[in-house]
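Trainee: compute the structure for the input listed below.
(chains A, B, C and D)
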Number of protein chains: 4
Amino acid sequence: MNFEHHPTTQALMQRLESFMREHVEPFEAEYHRFNQHNEHADWQQWTLHPQVAKLKALAREQGLWNLFLPDDELGAGLTTTQYAPLAEIMGRSLLAPEIFNCNAPDTGNMEVLYHFGNDAQKQAWLVPLLAGEIRSVFCMTEPDVASSDATNMQATIQEDGDEIVVNGRKWWSTGLGHPDAKFAIVMGLSRPQAVKHQQHSMVIVPLDSEGVHIERMLPAFNSFDAPYGHGEVRFDQVRVPRENVIGELGMGFAIAQGRLGPGRIHHCMRALGAAERVLELLIKRATTRQAFGQPLIKLGGNAERVAEHRMAIDQARLYTLSAADKIDRLGVRHAMSEISGIKVVVPNVLQRVVDDAIQIHGGAGMSNDYPLPAFYTVARALRLADGPDEVHRAMVTRTELKKYRQDSEGQARPATKK
Amino acid sequence: MNFEHHPTTQALMQRLESFMREHVEPFEAEYHRFNQHNEHADWQQWTLHPQVAKLKALAREQGLWNLFLPDDELGAGLTTTQYAPLAEIMGRSLLAPEIFNCNAPDTGNMEVLYHFGNDAQKQAWLVPLLAGEIRSVFCMTEPDVASSDATNMQATIQEDGDEIVVNGRKWWSTGLGHPDAKFAIVMGLSRPQAVKHQQHSMVIVPLDSEGVHIERMLPAFNSFDAPYGHGEVRFDQVRVPRENVIGELGMGFAIAQGRLGPGRIHHCMRALGAAERVLELLIKRATTRQAFGQPLIKLGGNAERVAEHRMAIDQARLYTLSAADKIDRLGVRHAMSEISGIKVVVPNVLQRVVDDAIQIHGGAGMSNDYPLPAFYTVARALRLADGPDEVHRAMVTRTELKKYRQDSEGQARPATKK
Amino acid sequence: MNFEHHPTTQALMQRLESFMREHVEPFEAEYHRFNQHNEHADWQQWTLHPQVAKLKALAREQGLWNLFLPDDELGAGLTTTQYAPLAEIMGRSLLAPEIFNCNAPDTGNMEVLYHFGNDAQKQAWLVPLLAGEIRSVFCMTEPDVASSDATNMQATIQEDGDEIVVNGRKWWSTGLGHPDAKFAIVMGLSRPQAVKHQQHSMVIVPLDSEGVHIERMLPAFNSFDAPYGHGEVRFDQVRVPRENVIGELGMGFAIAQGRLGPGRIHHCMRALGAAERVLELLIKRATTRQAFGQPLIKLGGNAERVAEHRMAIDQARLYTLSAADKIDRLGVRHAMSEISGIKVVVPNVLQRVVDDAIQIHGGAGMSNDYPLPAFYTVARALRLADGPDEVHRAMVTRTELKKYRQDSEGQARPATKK
Amino acid sequence: MNFEHHPTTQALMQRLESFMREHVEPFEAEYHRFNQHNEHADWQQWTLHPQVAKLKALAREQGLWNLFLPDDELGAGLTTTQYAPLAEIMGRSLLAPEIFNCNAPDTGNMEVLYHFGNDAQKQAWLVPLLAGEIRSVFCMTEPDVASSDATNMQATIQEDGDEIVVNGRKWWSTGLGHPDAKFAIVMGLSRPQAVKHQQHSMVIVPLDSEGVHIERMLPAFNSFDAPYGHGEVRFDQVRVPRENVIGELGMGFAIAQGRLGPGRIHHCMRALGAAERVLELLIKRATTRQAFGQPLIKLGGNAERVAEHRMAIDQARLYTLSAADKIDRLGVRHAMSEISGIKVVVPNVLQRVVDDAIQIHGGAGMSNDYPLPAFYTVARALRLADGPDEVHRAMVTRTELKKYRQDSEGQARPATKK
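Mentor: As a prediction, the model looks like this:
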């Protein structure tokens, strides 16, 4: 048992922190000002601040690029556990992940193509994604059914000769408004008669295909998250070549499962970076703002709240890192309790610290003068995205109960450990 | 002890509920759609949906007008306790209070003018406000100091011969963006040498006065709350006639104190109406949406959450009504613990039920397809407006500790009751 | 709507408070010291402190006797709402209710006999109970089944000619160890084939009947609650005359239902009296004990905790009084949500304030130098007795959902109010 | 970063678990029954169940002895981190730690003597403690002052020629009632004029010294914790030879500080073992007990509670292990935030799971038929012992704020990391 980060990680952390301090943080205010214009324009008019491309080039030049990818040549060859602290650093700024080509959902899509894509798919889509030249979308959630139960899914992916026909409606498809978004990986039902986890497929759909109707960008707490956007899209008899199927028809769930583990680690570590950033804002405000003759930190329970957040963040980070370690050592299937557990714990930790930080900032905390509403929205969305808290608590419980067996007298007994 | 509403109240409740059902609720979707355009336009271009004026006329015609005002002729002559359940009904819809000429901050301003205004002020400003022809603003909170401590206030209201000169910066001035907003009641420092509660004044400042610079509308969780808006405004050597002072110079705090009691009851009852509306949305969704073969209400702890919200709302309502009763029977000064207590309890009750309702609605809950983000923003803002939770908890504690006296041996003893 | 207590109640409150101050509080320490001996003796040796009888006589003399009973002659003729504040005052001391002949389960048993008993039963058991000459027991909960679901009940009450035969095992029968306990009202299954709520009966069983085996007193957090005790008792072919049936066979549930409403009000109001007492102890300690150069109240979040408890207690009291009012005005059946709601809310309010009070008292708070462990045990037991929190939350939810109906399109709609 | 336990630890875990299963668990019921007699006898009559000595001999024979001591010969030579999981296993049973000679406060006392004792002290007291032949006591907390602030301490340890004179009153001295308790390490004030952390001393006081008056054992939630006991003791002009001072006069705080770090790890890990045991009881009951036609686990929010406890326990364990790792790698002084953090988090985790387990067990959960009240008392006491939650939250906050420095413009800035 050893709680020190790997030397490679430590070195990358230092370089990443320098880059953040020198290039990302000073650019934040301008970036957000720019995007306020995007927010109030039609999404079709959204543009990317030109500085983003420059920073991406610089990050790539410095080798701070595709760090998430566990491939020595294409990425940094880090394990999930080794990459995790880097994701945390990126998470401190809402614009950072794209700069380092490490933003969702592109990371997950790149992983899917890396592990399951055929050569043509890799050439056409993975290479430009890895180069940061295009962006992508993952279409999973549907408006008309409770997507927390994936078997509810209604979109269809059907064979028709050499072609695949996609029909259905998806929403909360993150990144769909990005000017560089070129394709979506769409999940849908192919084989309703197959066993439960072999019914669905994933297929690559170029966004300029006929029948792809992007109907709107969805606001989350009134923000469109420009220039990414969360889109609602209708697939109306969209035809793509059969080669666009990832793996084979029916493999959708298997692929999704593999995608989820590391993806959740990334999400959670970024959220913890956000939580650290927010706690910093809280403390700065609380120690410098005066009321009733004292800094706010000395009033009421404010000081205790700092401790509660520090304890919660530190615990949530260790929990996330231990989940990463289980994924790396034993595989996703042996880390189901932890992967669901962090998905519940971390966004709630972030939501609570943002709520308290808003309180300490007073009215300013609700405005866009501080990134607090933006981080709040991230936290709130994370509690729903990729399964709501309730589904993940149920998974933790299910895993827990499996340890117990009924013996011959109907007594529940814990199974022998391991 | 008797928990039944007064017959007058009961009759008005029925008529108000009918009006809401027939005229307000069916108009809500169109109203919000219309305001999305306002939201994305410069606030100077904001317009009011033409239907609002029609509904106001209808409400006035039906006698559902100025119900908050405890005057038999100008209002309905109701006590705070008698009006409270009507405020709750209005609070179910974000657009309703204006329809009945019962929206903040106009109600508070009308009360101030009614109780403390001179004849000229009443003629010029109260009469058109009561008629719903103009709207008004209350300028209290400042950006550069912790306004939770009112003695921090920096804006100044100074005599200069027959004129009053106003200087300073205010923000979160609700309603400042409304097309009909005509004047502000501004609070500022007049006599820094006087005893603590006689230093401040209130003065009427027409918004078209020279030196009034409305610098921006502030977003709260990315919403400008069009067509009301929360403004940031700079007063730069603004001169108004001495007759615009409300009461006398130095009476600011005394007036504010009287304004607060009933105002908090109104805010809290509206928030409880919102909480009931949100709980209704939660239950409808939870009983009709299916996952894992069951309606959501049957999954995890969802059913228990309904009970928790019902118990919290019912308790918070009784607490608010008991505060109203204390104001009516004993006066604001004898209800300080309750007036602060409800200010802490009620917005938190609303915030929690909105949070759970969002969770039950999934992604849809964060979008504007439901009024949940709007109600969330109301709740979050109420926890800061007019004193943050922390200041009000401190007031409740202070009132509590006052019951104890040190006796000769240094023992704290509760004072004999009453 | 009127939040003032009835003049009769106010007058009784004053007299009761005087009695508490003059006679009960000064006796508490000696009473608890005496009972420590009982605690460490076999329950069969338990004795009652002789002062109790004297205080009972004095209370009776002063007319502070049987105040719970809504009968002008036998009691004070108060409604549930009018009696409630008196129960709160008694609840401030663990020994007070018996002094005023208002302790559970005797009050409930007296109500049952008063409303449903025949003349012989009244003569034999109600008269001496009202005189405070004997004590009684209510046998409901069983050890072998989850008694939260009353249909699980296994004890039987069967006819055999002119006799009734009782078999089964009960536990947590409060008061079974009291030296004056003379009879139990036992609930059991008579007609397994009848419709669900007509299967059970209540029967009077003298404790000296053959076949009544009191097996032990149960400790609750290591306390036997001497000289009352919570007993485990086995009924082994116990025969009593048929006249001992209360009402008729099969009426058990109906009688229990009527018993519950006012009984819950009493329990909750006493618990609120306890909460006030505990908050008083908390504040006295926090304002007089010093650490780090300040009274504890000034440290950390302690001051905020006082506010939280004040707000929680005040709300819970209003909630309980409103439930009492519904029982009085509309009947128990129309107050089901509130009767269950207070059963969840109040004991939790008490448990939280005791927990914080223990924290403020340090080690002393866990010892018997203060009544905190005793009040904690009361709170913890109340969360289970007479249905656990979970059952009552479910009842509140069920009542809530009943307001909604499915219309023809499967939409849940709230029913029109009232 | 590596989350696997050291191979030595893993091997010991297996052997310890076997010992627990084969020898400790089957003995528990009998042990507790035996101690019920102790509980109701005067503490001077307390005896140790004869089986304890046999199990101690067996544990020693198997090398499961003094595992806490980081010495290869006297103990197992484990680091704090390596020992931690073994403490967790012992914590599953309240009687286990003594069996393995690893119970508080003896472990802390042995560590103090090991690190700071002179040869005579080691010979006289450490050797028999390591052999499990005697037990010891640590006298720190005082009844008359808030011991959360150690500078409040009033007991004195003064030089008088070759002797040391001890005066004062201590309480909550754990183990003082144990039949084998032979000496106390007493902390007291020696040099009131010295700088704050050099005023106090620790001295060894044999319990048979003249002037040692053990006045009573204190009940905690009515339990005396026989045969250990928490004692109140008065030192009245107690004289011991100067050689009994540990280290030197004035070194008390320095020694206490070193004692605390590993001691807290042990306490917290044992508490986590208790939490796991309690969660097991909760699950077994919830999956086998039926109500309303279903096992309790399927009702209300019960299933979610299992997940909440699993997530809380797993996080708290990682937090404790990371604190242990910091102590081992960097020293106690660099782990102050974590050492305080776990002291807040872990006992609260245990208290919550016990509370829910009691709820699931119904009335049985409050009785001694299950170890739940005993574990509850452990949790509740741990929240006070060795500094209440509030003091430790304050330490976490203080450590957090130290990261920020005021720059020349009064801005708080986080210090550069590491």
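Trainee: C-alpha from now on. contacts and neighbour counts both.
Mentor: Noted.
Trainee: give me the spatial nearest neighbour of the residue in the stretch 51-200 of chain A positioned nearest to chain B, chain neighbours excluded.
Mentor: Nearest residue of the stretch 51-200 of chain A to chain B, counting by Cα to the nearest Cα: residue A:149, 5.4 Å away. Excluding its sequence neighbours, the residue lying closest to residue A:149 (Cα to Cα, 6 or more residues apart in numbering or on different chains) is residue B:291, at 5.4 Å.
Trainee: same deal with residue A:148?
Mentor: With sequence-adjacent residues excluded and distances taken as Cα to Cα, 6+ apart, residue A:148 is closest to residue A:387, at 5.1 Å.
Trainee: sec struct for residue A:273, please.
Mentor: Under the three-state scheme (DSSP: H, G, I helix; E, B strand; the rest coil), residue A:273 adopts helix.
Trainee: same question for the one 3 residues further on.
Mentor: The local conformation at residue A:276, judged by three-state DSSP, is helix.
Trainee: do you know how far the residue of the stretch 51-200 of chain A closest to chain B is from chain C?
Mentor: Distance, residue A:149 to chain C, using Cα to the nearest Cα, to the nearest Å: 21 Å.
Trainee: that residue contacts residue B:293, doesn't it?
Mentor: No - with contact defined as Cα atoms under 8 Å, residue A:149 does not count as touching residue B:293 (9.0 Å).
Trainee: is the residue in the stretch 201-350 of chain A that chain D sits nearest to within a helix or a strand, and which one?
Mentor: Among all residues of the stretch 201-350 of chain A, residue A:307 sits closest to chain D, at 4.8 Å; criterion: Cα to the nearest Cα. Under the criterion of DSSP states H and E, residue A:307 resides in helix A:302-330.
Trainee: close to chain B, is that helix?
Mentor: No - residues of helix A:302-330 contacting chain B under Cα under 8 Å from any Cα of the partner chain: none, with a closest distance of 8.8 Å.
Trainee: near chain B, which residues of the stretch 201-350 of chain A?
Mentor: With Cα under 8 Å from any Cα as the criterion, the stretch 201-350 of chain A meets chain B at residues A:218-223, A:289-292, A:300.
Trainee: and the pLDDT at whichever residue of chain A sits closest to chain C?
Mentor: Using Cα to the nearest Cα, the closest approach of chain A to chain C is made by residue A:301 at 3.9 Å. Residue A:301 is assigned a predicted lDDT (pLDDT) of 96.
Trainee: shouldn't it be in contact with residue C:308?
Mentor: No - using Cα under 8 Å as the test, residue A:301 is too far from residue C:308 to be in contact (11.7 Å).
Trainee: stretch A:309-326 and chain D in contact?
Mentor: Yes - Stretch A:309-326 reaches chain D (Cα under 8 Å from any Cα) through A:310-311, A:314-316, A:318-319, A:322, A:325.
Trainee: which of the residues you listed has the most neighbours?
Mentor: Using other Cα atoms under 10 Å in any protein chain shown as the neighbour test, those are led by residue A:316, with 29 neighbours.
Trainee: which residue sits closest to residue A:31, ignoring its sequence neighbours?
Mentor: The shortest distance from residue A:31 to any residue other than its chain neighbours is 6.8 Å, reached at residue A:49 (Cα to Cα, 6+ apart).
Trainee: just say helix, strand or coil for the closest residue to residue A:245 other than its chain neighbours.
Mentor: Nearest non-adjacent residue to residue A:245, counting by Cα to Cα, 6+ apart: residue A:203, 4.3 Å away. The three-state label given to residue A:203 by three-state DSSP is strand.
Trainee: neighbours of residue A:245, how many?
Mentor: By other Cα under 10 Å, the residues close to residue A:245 number 25.
Trainee: list the contacts for residue A:19?
Mentor: By Cα atoms under 8 Å, 6 or more residues apart in numbering or on different chains, the residues touching residue A:19 are residue A:59.
Trainee: so who does residue A:159 touch?
Mentor: By Cα under 8 Å, 6+ apart, the contact set of residue A:159 is A:165, A:242.
Trainee: doesn't it lie inside a strand?
Mentor: Yes - remark: residue A:159 belongs to a strand, assigned using three-state DSSP.
Trainee: that one bridge partners, please.
Mentor: For residue A:159, the beta-bridge partners under DSSP bridges are residue A:164.
Trainee: so what pLDDT did it get?
Mentor: pLDDT for residue A:159: 96.
Trainee: where does the stretch 301-418 of chain A have low pLDDT?
Mentor: A:406-418 (pLDDT under 70).
Trainee: and the strands in it?
Mentor: A:404-406, A:412-414 (DSSP state E, counting those that start in this stretch).
Trainee: returning to what we had before: out of the residues of stretch A:309-326 next to chain D, which one sits closest to residue D:58?
Mentor: Comparing the residues of stretch A:309-326 next to chain D against residue D:58 with Cα to Cα places residue A:322 closest, at 36.2 Å.
Trainee: interface residues of chain A facing chain C?
Mentor: Within reach of chain C by Cα under 8 Å from any Cα, chain A has these residues: A:300-304.
Trainee: could I get those residues in a markdown table, plus columns for neighbour count and distance to residue C:270?
Mentor: Putting those into a markdown table (neighbours: other Cα atoms under 10 Å in any protein chain shown; distance: Cα to Cα, whole Å) gives the following:
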| residue | neighbour count | distance to residue C:270 |
| --- | --- | --- |
| A:300 | 21 | 31 |
| A:301 | 18 | 31 |
| A:302 | 22 | 34 |
| A:303 | 24 | 36 |
| A:304 | 24 | 33 |
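Trainee: go back to the residues you listed and keep what's next to chain D.
Mentor: Under the cut-off given by Cα under 8 Å from any Cα, chain D has A:303-304 from the residues of chain A next to chain C close to it.
Trainee: where along the stretch 201-350 of chain A do the helices fall?
Mentor: Under the criterion DSSP state H, counting those that start in this stretch, helices of the stretch 201-350 of chain A are mapped to A:252-288, A:302-330, A:336-361.
Trainee: now the ones you listed in a markdown table, with distance to residue D:366?
Mentor: As requested, these are exported to a markdown table (distance: least, Cα to Cα, whole Å):
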| stretch | distance to residue D:366 |
| --- | --- |
| helix A:252-288 | 39 |
| helix A:302-330 | 30 |
| helix A:336-361 | 30 |
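Trainee: so which of the ones you listed gets nearest residue D:263?
Mentor: With Cα to Cα as the measure, helix A:302-330 is the member of the helices of the stretch 201-350 of chain A nearest residue D:263 (19.5 Å).
Trainee: can you list the domains in chain A?
Mentor: Domains of chain A are assigned by automatic domain parsing as A:7-130, A:135-250, A:253-406.
Trainee: check contacts around residue A:380.
Mentor: Counting by Cα under 8 Å, 6+ apart, residue A:380 has contacts A:347, A:351.
Trainee: kindly apply the preceding question to residue A:202 instead.
Mentor: Contacts of residue A:202 by Cα under 8 Å, 6+ apart are A:185-188, A:245-246, A:249, A:251-252.
Trainee: so what's the predicted local confidence for it?
Mentor: So, for residue A:202, pLDDT stands at 97.
Trainee: who does it bridge with?
Mentor: Applying DSSP bridges, one finds that residue A:202 bridges with residue A:187.
Trainee: what about the residue nearest to residue A:41 when sequence neighbours are not counted, how many residues close to it?
Mentor: Leaving aside its chain neighbours, residue A:41 sits nearest to residue B:40 (7.8 Å; criterion: Cα to Cα, 6+ apart). The tally of other residues near residue B:40 (other Cα under 10 Å) stands at 18.
Trainee: same deal with the one 4 residues further on?
Mentor: Residue B:44 has 13 neighbouring residues, counting by other Cα under 10 Å.
Trainee: just want to check the distance between the closest residue in space to it that isn't next to it in sequence and residue B:38.
Mentor: Closest residue to residue B:44 apart from its sequence neighbours, by Cα to Cα, 6+ apart: residue B:177 at 7.2 Å. Distance from residue B:177 to residue B:38, counting by Cα to Cα, to the nearest Å: 11 Å.
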